[in-house]
Structures are given as C-alpha cells and as structure tokens.
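**Q** this is a predicted model, with the sequence first.
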There are 2 protein chains.
Amino acid sequence: MSLRHALLALLTVERMTGYDLSKAFQASVSHVWHAPDSQIYPELRRMEADGLLVGTEVPWGPRGMKREYHVTEAGRGAFRAWMNEPLSYTRERDPAHLKAAYLEWAEPDAARAQLRAHIANFEEQRTEWLEKVREIDTGTSTMLEKRLAHAPASEHAAIRAYKRYTYEGLIARAEHEIQWAERGLTLIDELNRTDAPPPA
Amino acid sequence: MSLRHALLALLTVERMTGYDLSKAFQASVSHVWHAPDSQIYPELRRMEADGLLVGTEVPWGPRGMKREYHVTEAGRGAFRAWMNEPLSYTRERDPAHLKAAYLEWAEPDAARAQLRAHIANFEEQRTEWLEKVREIDTGTSTMLEKRLAHAPASEHAAIRAYKRYTYEGLIARAEHEIQWAERGLTLIDELNRTDAPPPA
DNA sequence: GCTAACTATCTATGGGGATAGATAGCTGAC
DNA sequence: GTCAGCTATCTATCCCCATAGATAGTTAGC
C-alpha cells in the first residue's frame, strides 16, 4: 500500500490533478514507482474519503472541469508517520535470477539473448537515472526545484542530498546487474567452448 | 505467472507433494522465489488440469494419503519453452528507495533505524546465499545433488556453474545494498552535524 | 472548420499474492 | 496414552495491480 505514500510524496510539493500525478509517475519517480491512472484516480478518491486530501473542482477551458487535490494536515501527518515507520521487507521474487539458476535448460543463444536483454534493460534505467542526477545538480528538475522553493533554505542541502543518494544507489544497482549479466555471457561462452580446452 | 515455472523447476528434479514443494520453497529457492502453500496446492491442481503434471495418491501411514506430482513431457516442454523465452521486465517498485528519496521527512533516528534494518535484511540474505554457495561447492545441497544424479555427466559442470553464478549475483547485490545503506548512515550523520563544520 | 494529439476521468475484469484459518492424520517423547 | 509438533491439504477473503476500454473536453495547426 505505498501507492498512497508515493502519491502523498508528490502532493506535498503542490496541488495536482490525477492526470498530473500519472504524468509525474512517468517522469519524476518512474522506475522507483509506477502506477497507471486507473489505480491513481480511485486511490485519490479513497484518500480524500480518509481525510488525507481535499479535492476541488476547477474549470478547465470553457466547459471542462478537472479535480485538483491538495494534502491536508492529516495527510502530511500520515506521510511523516510512514516515513518514521520501519519498512517491512517482503521476500524476493526475481524471475531473472530464477531463470539464471536453470540456464542449462535454455539454448545457448536464447540464454545469451536473455542476458543481453537484462543488460539493455538496466542500461536504459542507468541512463535515465544518470539524467536525474544531472537534473538535480543543474537545478533543472521541475519537481525538485518546486519542492525546494517551499522548504526553508536550511533544509535545501538535505533534500538535494537524499535525492542524489537515492538515484546514485539505483545507478550502482543497475551497474551491478549489467556486470552480473556480462559475467553470465562469458560463462555461457566458456561452457560452450567444447572444441578447445581452456588455455593453460 | 512464474510460480508455475518455479514449481516446474523443482519438479524436474523429482516427484514431490505440495508440502514438499512448500518446504523446498523455504529452503532451496527461498529469497529467489517464495510462495505459501495456499498458492501452491491450487496451482498444482491447475497444472495437472493443463497436463503439465500428473498427480498420484500415495498412502501415508495407516490411514493418511498424500498426493505426489511428477512432470509430464508436456510439462518439461513448457519449462524448456519458458527458459527459451525472453523475460518481460516490469517497472521497478521499490519502497526502500522511494523512502530514501524523502528521508528529510523522517527523524534522523528513524532514518538511521531504517537503514540499519536495510543492512540487517541484506546481511541475512547474504549469509544464506553464502551458505548456498558453500553447499554447491561441498556437494551438500540435496536438491542439486539429486539433479546431478539424473543428468548426464557432461552437463554437471554447467548445472553447478549456473547455480553458483546465480547465487554469486545475489550475494553481490546484497553487498551493494549493504554498502548503499552504510553510505546513507554516513550521509545522515553529515547532514545532522550542525554544531561543527566539515573539516578542511 | 477539422483533425490530431493531448488532457482528463472512470469502469470493468481478471490474476496473483498475502493472510488467516479450518481440517486431519502422523510421529515421537514423556 | 496422550500431547506437542510435524506432515498434509484446502478454502476464503482482501488487496493490489495490470490491462483494456469507454468517454469527453481542449488545444493547436493546417
């Protein structure tokens, strides 16, 4: 149930519509959290019912209407409470490593293709996160700059540092996954080099 | 839907009951995959209905009965097909990193406690996986030795190597998470050292 | 003025997993 | 002989999430 907390996190910056939030999920926190709009809209309704948010209808063009949400004191409190709570760690469930353990069942080429896909996937993530770090450093992250504008100057360093710390961790993890898959490619080659013994 | 494939993977070694499988999930592949028995039993029934398994009632004690499943050729084929298929990568959903990005909202002590819990969690995993690698190397992994006994000698090296490769990757990942959390602890200390400026 | 692309919201369905709990037989220790 | 702890299986509920699709208004360019 941290969709709720991810939404609260974004709404502590400024009032937004469900649509804004679904866009923000794609841009700002994509690959840390993701949710389709079909989950966001009902969750916002529930959060309003629980008193965490207040939604107000605002005109949009001549005839259209949209619903903007802002966080209440209760919502802010709930987010702070969650941030102070310990996290419960769920058991891993990792298809990539599950498959890796049984790679002898796959054709060597299929195995290679999968490891290459693993690499491609994490290289893409790595690129995105490097870009986020760049945005943090250059002050071109819209959400972060808005957040800083509403926060006392004494907290700016911490806010920036924690964001950077998070993305750096994700980058390092992506690099680990890339290296792991590359070792796997080497291993497949070694195991399929039947015609020649390893060099002495 | 890889619970099905995880079950197939285990059942390619030998016939087992739902209970055996639920135990094997805790022992052999815990932390790569996990499932409670309440998911395993119905899934086994479905797999039997789909022709992947055949279940036979065998007596257990004077009056008891248990149901042992073994993989059919279709089941073996389905597993091999899955192993040759590319994996679809789902977007990340990572509560620990989500929270890390907003650590300024937490009390410093609460933040420290969470990072310490992160470390403890991955140290525990690391210990378990190191033990698995040891079992692979010393030939004391029951499942692996059974698997090897049913496989041609020419494949033994590959089977052992892929298992080792998988666990080594998980160990490295756990170590990465530990290092990341340790850097976080340092960061919290730095940001809360208000009374003294950083040394020149 | 029309069309394409974007903004905005909602409903429906199904799968999978977490959690809880019910039932029943077996085994070994005291 | 009985009780604790293990083996064995099944059902039910709730929540979350993924996917698909329906609807409608807006904006900007041609």
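**A** Now that the structure is in, tell me what you want to look at. Computed from a prediction, not measured in an experiment: that's the story for all the values here.
**Q** indicate whether the lowest-mean-pLDDT helix or strand in chain A makes contact with DNA strand C.
**A** The helix or strand of chain A with the lowest confidence, counting by mean pLDDT, DSSP states H and E, is helix A:18-27 at a mean of 88. Yes - in this structure, helix A:18-27 sits against DNA strand C according to Cβ under 7 Å from any atom of the strand; the contacting residues are A:G18, A:Y19, A:D20, A:S22, A:K23. Quick note: C-beta positions are derived from backbone N, CA and C, even for glycine.
**Q** residues in contact with A:D109?
**A** Neighbouring residues of A:D109 by Cβ atoms under 8 Å, 6 or more residues apart in numbering or on different chains: there are none.
**Q** could you say which helix or strand holds it?
**A** Using DSSP states H and E, A:D109 maps to helix A:108-138.
**Q** buried among the residues of helix A:18-27 next to DNA strand C? Need that as a selection in PyMOL.
**A** Filtering the residues of helix A:18-27 next to DNA strand C down to the buried ones (16 or more other Cβ atoms under 10 Å in any protein chain shown) takes a single PyMOL command:
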select buried, chain A and resi 18+20+22
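**Q** quick one: which of the residues of helix A:18-27 next to DNA strand C is nearest A:Y89?
**A** For A:Y89, the closest of the residues of helix A:18-27 next to DNA strand C turns out to be A:S22, at 28.0 Å, with distances computed as Cβ to Cβ.
**Q** gap between that closest one and A:N84?
**A** Using Cβ to Cβ, to the nearest Å, A:S22 is found at 28 Å from A:N84.
**Q** quick one, phi psi at the residue lying closest to A:T12 once chain neighbours are set aside?
**A** Beyond its immediate neighbours in the sequence, the residue positioned closest to A:T12 (Cβ to Cβ, 6 or more residues apart in numbering or on different chains) is A:V71, lying 5.7 Å away. A:V71 has phi and psi values of phi -80, psi 140 when expressed as degrees, to the nearest 10.
**Q** the spatially most central residue of chain A: what's it in contact with?
**A** Residue closest to the average C-alpha location in chain A (Cα atoms, centre = their mean): A:V32, at 1.1 Å. Residues touching A:V32, when contacts are defined by Cβ under 8 Å, 6+ apart, comprise A:T166, A:L170, B:E92, B:D94, B:H97, B:L98, B:A101.
**Q** of these, which belong to helices?
**A** Taking DSSP state H as the definition of helices, the contacts of A:V32 contribute A:T166, A:L170, B:H97, B:L98.
**Q** and the second one, what does it touch?
**A** Yep, that's A:L170 we're talking about. Counting by Cβ under 8 Å, 6+ apart, A:L170 makes contact with A:H31, A:V32, A:Q125, A:W129, B:H97.
**Q** verify the stated contact: the third one with A:H31.
**A** Yes - the pair A:Q125 and A:H31 passes the contact test of Cβ atoms under 8 Å, sitting 5.6 Å apart.
**Q** helix, strand or coil for the residue nearest to the centre of chain A?
**A** The three-state assignment at A:V32 reads coil, by DSSP: H, G, I helix; E, B strand; the rest coil.
**Q** please report phi then psi for it.
**A** Reported as degrees, to the nearest 10, the phi and psi values for A:V32 are phi -110, psi -40.
**Q** ok, A:R67 next?
**A** Backbone phi and psi, for A:R67 under degrees, to the nearest 10, turn out to be phi -120, psi 110.
**Q** measure it to chain B for me?
**A** Taking Cβ to the nearest Cβ, to the nearest Å as the criterion, A:R67 is separated from chain B by 25 Å.
**Q** residues in contact with that residue?
**A** Taking Cβ under 8 Å, 6+ apart as the definition of contact, the neighbours of A:R67 are A:T17, A:G18, A:L44, A:G55, A:T56, A:E57, A:V58.
**Q** change it to 7 Å
**A** Contacts were defined as Cβ atoms under 7 Å, 6 or more residues apart in numbering or on different chains; by that measure A:R67 touches A:T17, A:G18, A:G55, A:E57.
**Q** can you pull the pLDDT of it?
**A** In the predicted model, A:R67 carries a pLDDT score of 94.
**Q** that one bridge partners, please.
**A** The residues listed as beta-bridge partners of A:R67 by DSSP bridges are A:E57.
**Q** just want the angle from the one helix or strand A:R160 maps to to helix B:108-138.
**A** Here A:R160 is covered by helix A:153-191, with elements defined by DSSP H and E. Between the axes of helix A:153-191 and helix B:108-138, defined by axes from the mean of the first three to the mean of the last three Cα atoms, to 10 degrees, the angle is 10 degrees.
**Q** what residues does chain A put near DNA strand C?
**A** Looking at DNA strand C, the residues of chain A close enough under Cβ under 7 Å from any atom of the strand are A:17-20, A:22-23, A:37-38, A:41-42, A:44-45, A:60, A:64, A:66-67, A:90-91, A:93.
**Q** 6 Å instead, please
**A** Residues of chain A lying close to DNA strand C (Cβ under 6 Å from any atom of the strand) are A:17-20, A:37-38, A:41-42, A:60, A:66-67, A:90-91.
**Q** and the furthest pair within those?
**A** Taking Cβ to Cβ as the measure, these span a maximum distance of 44.6 Å, between A:W60 and A:R91.
**Q** so how far is stretch A:94-105 from its chain's centroid?
**A** Relative to the mean C-alpha coordinate of its chain, stretch A:94-105 is positioned 24 Å out (Cα atoms, centre = their mean, to the nearest Å).
**Q** distance between the ends of that stretch?
**A** The stretch stretch A:94-105 measures 18 Å between its terminal residues, going by Cα to Cα, to the nearest Å.
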